[in-house]
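Trainee: fold the following for me, if possible:
(one chain, ligands or ions: 1)
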Amino acid sequence: MDRRSVSPSDRPAKRLKPETDIAVPTIQYRNAVILAPMVRSGSLPTRLTALKHGASLVWSPEIVDKAILHTERNVDSKTGVVSYDGKTKAVFSTHPIEKPYLIYQIGSADPTLAVQAAKTVMQDVSAFDLNCGCPKPFSTHAGMGAALLTNPDLLCSILKALREALPPEYPVTAKIRLLPDQTETLNLVSRILETGVSAITVHCRTRAMRREKALIERLKEIVEFVERTRPEVAVIENGDCLSVEDSLRVKRITAGAHSVMIATAAESNPSCFSKTPLVDVETTLIPSYIRLARYVGNAWANTKFCVSQFQSPSPSHGKVGRKQLKALISSAKSYDDLTEVVGDWNGEEDFAHVTSAIETRTAGDSQTTDDIDVGPTRTPPEPRPNPVPEALKTPLSPVNMKLLTLSSIASGRDSATPTPSRPVKLAA
Ligand SMILES: Cc1cc2nc3c(=O)[nH]c(=O)nc-3n(C[C@H](O)[C@H](O)[C@H](O)COP(=O)(O)O)c2cc1C
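Mentor: Sure thing, here's the model as predicted:
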């Protein structure tokens, strides 16, 4: 057995000596419920919406190292949005309001390029994560993503290069998948722990798995191993968590993963970080999301895609109304085409709601898994009833749907979800 290998049983309770000093994290990786990195779906309006509804931290979508290197950084003087613009489109956009909670995810198979990418955006983000889990060929064929799982030397050299090159206040983390074999997974984790990472996210599926049930129970042993060897490193569970309340079930199964990360459920409803997620997203979330997206200059095609993913229980109106609204949105060619649907708007007020929710957190509020007290079953949280305009309770033709949205949907405000109420812990 290799001197680094770890047997799942009978392991010494010896702490590994890190090859690189660990940074003092400026980000709190413990007791967090986190928005996962999601290409397309994790764009700026979704991250801001998730933060507004209580996400503790937000990951950027994976951005391949080379893609950011030749961008130009522009700041919108009206909105403050920072855009890293490529030749035809923004490669990455952010706003200073999300910076304290924003982790930038790098796709890389090259330590030098990874460091250059990190240095390009470091003034606008708080931490860096290396994607070691993407199984898609566009990532793996270049040796990135899940290909790094079977090339631990390269994986660890990228993490070490980032750790050594970046100031200590920028934590570096890795997001991996399970390997088919548990001992090999522990060996890999053991090596990653030596690179100076502040946290490790484990997507509890193997590279070959797609939508199958996540193997959350396998994380228990990994959590125990990290606790024994490098207790200062946080373990973040990812896979099949539905909501902030469901994160307690996940933590129980893993015997105490420090935090939980949510992807698909947040793609459907970015308010799932709230103890009372929005229902009736057609009236409560979609109009304000579109206004916000327009205000922050999000590309219409991306906004349209994100909205098409939103869904929630709609106790007050049926599938027909929902479908018709989505059809209207999907036929729109630009934000301007929606003036009739969501009213005369520019999104400034919606952005102000986001800002005030996030600023309130900074002043003393944040959602953590400590805030919640739920039973052991996997029951999605009880939907909070939202007032639904009478007009939306009946099936609508596209024409009268359009007319009704002027008075009902246009006034849809995504503001009733209570702001979480616990202090943000800024240091471990
Ligand atoms: C639309 C979409 C895009 C994703 N993009 C990324 C990505 O950029 N980087 C990454 O590490 N994982 C990405 N993932 C994987 C998720 O972060 C997460 O690991 C996976 O969906 C499992 O979490 P879940 O069970 O909560 O969905 C993506 C997933 C989805 C659904």
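Trainee: how about the residues of the stretch 201-350 of the chain by the ligand?
Mentor: 203, 214, 238-241, 262-265, 267 (CB under 6 Å from any ligand atom). (Glycine included, C-beta is placed from N, CA and C.)
Trainee: pLDDT for these - can I get that in CSV?
Mentor: Output for these, formatted as CSV (pLDDT from 0 to 100):
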residue, pLDDT
H203, 98
A214, 97
N238, 98
G239, 98
D240, 97
C241, 97
I262, 98
A263, 98
T264, 98
A265, 98
E267, 98
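Trainee: show me those that map onto strands.
Mentor: The members of those that map onto strands under DSSP state E are 203, 238, 262.
Trainee: in three-state terms, label the spatially closest residue to A332 that is not a sequence neighbour for me.
Mentor: In space, and not counting its chain neighbours, A332 is closest to L338: 5.2 Å by CB to CB, 6 or more residues apart in numbering. For L338, the secondary-structure state derived from DSSP: H, G, I helix; E, B strand; the rest coil is helix.
Trainee: what about L338, neighbour count?
Mentor: Residues lying near L338 (other CB atoms under 10 Å) number 24.
Trainee: ditto for G80
Mentor: Residue neighbour count, defined by other CB under 10 Å, stands at 14 for G80.
Trainee: wait, it sits on T94?
Mentor: No. Using CB atoms under 8 Å, G80 is not in contact with T94; the gap is 9.8 Å.
Trainee: how close does the closest residue to K136 other than its chain neighbours sit to K87?
Mentor: Once flanking residues are discounted, K136 sits nearest to G145: 7.0 Å by CB to CB, 6+ apart. Relative to K87, G145 is positioned 24 Å away (criterion: CB to CB, to the nearest Å).
Trainee: neighbour-wise, which of the two wins?
Mentor: Neighbour comparison, G145 and K87: the larger count goes to G145, with 27 against 8 (by other CB under 10 Å).
Trainee: so what pLDDT did the more buried one get?
Mentor: Per-residue pLDDT puts G145 at 98.
Trainee: wait, is L51 part of a helix?
Mentor: Yes. Under three-state DSSP, L51 falls within a helix.
Trainee: what's the closest non-adjacent residue to it?
Mentor: I358 (5.4 Å).
Trainee: tell me the contacts of that neighbour?
Mentor: 48, 51-52, 97-98, 101 (CB atoms under 8 Å, 6 or more residues apart in numbering).
Trainee: the domain parsing of the protein - what is it?
Mentor: Residue ranges for the structural domains of the chain, counted by automatic domain parsing, are given in the record as 33-268, 281-411.
Trainee: please identify the deepest-packed of the ones you listed.
Mentor: Of those, the one with the most neighbours on average (mean count of other CB atoms under 10 Å) is domain 33-268, at a mean of 21.
Trainee: just the C-alphas of stretch 170-181, formatted as CSV.
Mentor: As requested, C-alpha coordinates have been extracted for stretch 170-181 and formatted as CSV (Å, rounded to 0.1, in the frame of the first residue of the first chain):
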residue,chain,number,x,y,z
TYR,A,170,-8.5,33.7,-0.3
PRO,A,171,-9.6,30.2,0.6
VAL,A,172,-9.0,27.5,-2.0
THR,A,173,-11.4,24.5,-2.2
ALA,A,174,-12.1,21.5,-4.4
LYS,A,175,-15.3,19.9,-5.6
ILE,A,176,-15.0,16.2,-6.3
ARG,A,177,-17.2,13.2,-7.0
LEU,A,178,-17.1,9.9,-5.3
LEU,A,179,-14.8,7.3,-6.9
PRO,A,180,-16.4,3.9,-7.4
ASP,A,181,-14.2,2.5,-4.6
